[in-house]
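> Provided below for reference: sequence and predicted model.
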Amino acid sequence: GAEELEEAYEGLEKYLVTRLHTRIFASDLETRTKDASLRMRIAKLQFIHPDHLDVPKACRNEHTWQQAIVALQRMSQVVTPKE
């Protein structure tokens, strides 16, 4: 049915993007160097908490904060959008 077709499309998309990732998103030495520099800068900012960003206490949620951190850290590790 429609659900199986959707799953097949998703599987095909993941396969194609995984296979073509290095060609589609090929990065040269300059880009890799800039990426490494950015990762180092981000690592130096690990001390930042909601207090530093003037986030009101009523708007803080530790679970959501941790989810955002994990999602941002994971962005450079995934190949397909659905990973």
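That came through, no problem. Numbers count the residues shown, from 1 in each chain.
> roughly how far apart are the residue nearest the centre of the chain and residue 44?
Per C-alpha atoms, centre = their mean, the C-alpha nearest to the average position across the chain is that of residue 75, at 1.5 Å. In this structure, residue 75 and residue 44 are separated by 18 Å, where distance is defined by C-beta to C-beta, to the nearest Å. Every residue, glycine included, has its C-beta placed from N, CA and C.
> For this structure, list the residue farthest from the centre, please.
residue 1 (32.1 Å).
> Just the pLDDT at that residue, thanks.
On pLDDT, residue 1 comes in at 87.
> how much space between it and residue 17?
Relative to residue 17, and taking C-beta to C-beta, residue 1 is found at 25 Å.
> Using CSV, write down the CA coordinates of the helix or strand hosting residue 36.
Taking DSSP states H and E as the criterion, residue 36 maps to helix 29-44. Output in CSV follows, covering the C-alpha atoms of helix 29-44 (Å, rounded to 0.1, in the frame of the first residue of the first chain):
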residue,chain,number,x,y,z
LEU,A,29,41.2,21.0,1.8
GLU,A,30,40.3,24.7,2.4
THR,A,31,36.7,23.7,3.4
ARG,A,32,38.0,20.8,5.7
THR,A,33,40.4,23.2,7.3
LYS,A,34,37.7,25.8,8.0
ASP,A,35,35.4,23.0,9.3
ALA,A,36,38.1,21.9,11.7
SER,A,37,38.7,25.5,12.9
LEU,A,38,34.9,25.9,13.5
ARG,A,39,34.7,22.7,15.4
MET,A,40,37.6,23.9,17.7
ARG,A,41,35.8,27.2,18.2
ILE,A,42,32.6,25.5,19.1
ALA,A,43,34.4,23.2,21.5
LYS,A,44,35.8,26.2,23.3
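> For the helix or strand just after that helix, the averaged confidence score.
Next in sequence after helix 29-44, counting helices and strands by DSSP H and E, comes helix 62-74. Here the mean pLDDT over helix 62-74 is 84, rounded to a whole number.
> Show me what helix 62-74 is packed against.
In terms of contacts (3 or more C-beta pairs under 8 Å, 6 or more residues apart in numbering; DSSP states H and E), helix 62-74 is packed against no helix or strand at all.
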